[in-house]
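Visitor: fold the stuff below for me.
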Amino acid sequence: MSGFLGPVAPDGRIPPYQQTKVAAFLISAHGALARQFAFMLPARLDAAWQSELNAQFYRETEIVSLLLRATSWVLDPSLGYMLASWESAWLPAPVEGIADPRLAQMIHLAALAHAVHAGIRPAAILPIEANAQDPFVMALRRIEFESGRLLQAQILFLKSTDLAPHRDAVSAALAQRHAEVRKLWRELLECIGIGVPPA
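Guide: Purely as a prediction, here's the structure:
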């Protein structure tokens, strides 16, 4: 197994079957975040932190839109089963020790977003010989750049003084989400011939 996508075509393009699987996974993860951010958004913004929810919703939507257009798609019958398992993994999970359902939902969403943005580094699997001008290559680099920016918002929320009384619950939710996301990402990469060292 290689540690990178490829072997690339003579023009430096990533094989379409790898593009399809990687893009499908990323669209599933970022699409789930976009849907959940949209669900958490109130009809009218009443607090400053809600404006960050609005910004994150649009950034996640932009990532999905970019991948839909930048990917060279091929028919892949195995994606049906894979998509079902990914989509079920992103569903909201209860947060132990949090009685307020709205707060629990926010912690779950921030933990999932933190795991997706910190745990998935799509540009790291691009080989040196990949065509830097290829739309898919540029999309993966853009997503990784945006993830770094989006991660800061999750860190600020998860480490906020409002959540100080729930620090153990937040840490447990984060650890669980990170483990799930790493496992799914590793499985995806292995199925397209990329070996990932254990975390």
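Visitor: give me the number of residues near residue 124?
Guide: Applying the criterion other Cβ atoms under 10 Å, we find 11 residues in the vicinity of residue 124. Heads up, the C-betas are built off the backbone N, CA and C, glycines and all.
Visitor: helix, strand, or coil at it?
Guide: When states are read from DSSP: H, G, I helix; E, B strand; the rest coil, the local structure at residue 124 comes out as helix.
Visitor: how much space separates the residue most central in space within the chain from residue 131?
Guide: When the chain is reduced to its mean C-alpha position, the nearest residue by Cα atoms, centre = their mean turns out to be residue 116, at 3.5 Å. Here the criterion is Cβ to Cβ, to the nearest Å. By it, residue 116 lies 26 Å from residue 131.
Visitor: C-alpha coordinates for the lowest-mean-pLDDT helix or strand in the chain, PDB please?
Guide: Among the helices and strands of the chain, helix 48-70 carries the lowest confidence by mean pLDDT, DSSP states H and E, at a mean of 89. What follows is helix 48-70, C-alpha atoms only, in PDB (Å, rounded to 0.1, in the frame of the first residue of the first chain):
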ATOM      1  CA  ALA A  48     -23.100  36.800  18.800                       C
ATOM      2  CA  TRP A  49     -22.200  33.100  18.800                       C
ATOM      3  CA  GLN A  50     -25.100  32.400  16.500                       C
ATOM      4  CA  SER A  51     -23.400  34.400  13.800                       C
ATOM      5  CA  GLU A  52     -20.600  31.900  13.900                       C
ATOM      6  CA  LEU A  53     -23.100  29.100  13.300                       C
ATOM      7  CA  ASN A  54     -24.300  30.900  10.300                       C
ATOM      8  CA  ALA A  55     -20.800  31.300   8.900                       C
ATOM      9  CA  GLN A  56     -19.900  27.700   9.500                       C
ATOM     10  CA  PHE A  57     -23.100  26.500   7.800                       C
ATOM     11  CA  TYR A  58     -22.200  28.400   4.600                       C
ATOM     12  CA  ARG A  59     -18.500  27.200   4.700                       C
ATOM     13  CA  GLU A  60     -19.600  23.600   5.000                       C
ATOM     14  CA  THR A  61     -22.000  24.100   2.100                       C
ATOM     15  CA  GLU A  62     -19.300  25.700   0.000                       C
ATOM     16  CA  ILE A  63     -17.000  22.600   0.600                       C
ATOM     17  CA  VAL A  64     -19.800  20.300  -0.600                       C
ATOM     18  CA  SER A  65     -20.400  22.500  -3.700                       C
ATOM     19  CA  LEU A  66     -16.700  22.600  -4.500                       C
ATOM     20  CA  LEU A  67     -16.300  18.800  -4.300                       C
ATOM     21  CA  LEU A  68     -19.400  18.200  -6.500                       C
ATOM     22  CA  ARG A  69     -17.900  20.300  -9.300                       C
ATOM     23  CA  ALA A  70     -14.200  19.500  -8.900                       C
END
